[in-house]
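[1] predicted structure and sequence below. I'll ask about it afterward.
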Amino acid sequence: MKNTIVDITNNSSSPELARLADSDDWRVRRSVAESLSALAKVLAKLATDENSDACWTMAENLSALAEVLVALAMNEDSDVRRSVAGNSNTPVEALARLATDEDSDVRCAVAENPNASAEVLAKLSMDDDWLVRYAVAENPSTPAELLA
């Protein structure tokens, strides 16, 4: 069924994707959230979906608007926040806020994000979780002086 849904959303026009975003089936809404051809207003609507799978999938979408990602950075679901932290379009200010998240997976996603600021990466380089520190070391944007 998933392949059928993906085929439908990948081959649908923007008005059709808007209609599919209202589907009763959360799998259809999640598939719309994956679509790079979905209009920003459709993605913004999915950011408030009751199903967290649709929200975190939308948060990974590179077509998501910055203001939607900022709002999702405060979502109660850590999977949604992790997806926001990993999106290369997430604003630096939101990444700075997510760098202090209680969930180490969220902080790790920030540490992996090439748009994380040097200041955020410096803070994360001293994180209690070794996986976060490792992600900072692997990030190509990490300043050389942090690696010394």
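    Alright, I've got the coordinates. Numbers count the residues shown, from 1 in each chain.
[2] so residue 131 is in which element?
    Using DSSP states H and E, residue 131 sits within helix 130-138.
[3] got the contact list for that helix?
    Outside of helix 130-138, the residues within contact range by Cβ atoms under 8 Å, 6 or more residues apart in numbering are 104, 107-109, 111-112, 121, 124-127, 142, 146-147. Quick note: C-beta positions are derived from backbone N, CA and C, even for glycine.
[4] flag the shaky bits of the chain, pLDDT-wise.
    Low-confidence segments of the chain (pLDDT under 70): 1-14, 36-39.
[5] ranges for the helices of it?
    Remark: helices assigned in the chain by DSSP state H are 2-10, 14-20, 26-34, 40-46, 52-60, 66-72, 78-86, 92-98, 104-112, 118-124, 130-138, 144-147.
[6] report the angle between the fifth one and helix 78-86.
    With axes from the mean of the first three to the mean of the last three Cα atoms, to 10 degrees applied, the angle from helix 52-60 to helix 78-86 works out at 10 degrees.
[7] pull out the buried residues from helix 52-60.
    By neighbour count with 16 or more other Cβ atoms under 10 Å, helix 52-60 contains the buried residues 52, 53, 54, 55, 56, 57, 58, 59.
[8] OK, contacts around the fifth one?
    Residues in contact with residue 56, defined by Cβ under 8 Å, 6+ apart, are 77, 79, 80, 82, 83.
[9] mind redoing it with 7 Å?
    Neighbouring residues of residue 56 by Cβ atoms under 7 Å, 6 or more residues apart in numbering: 79, 80, 83.
[10] can you pick the most crowded of those?
    Among the contacts of residue 56, residue 83 has the most neighbours (other Cβ atoms under 10 Å), with 26 neighbours.
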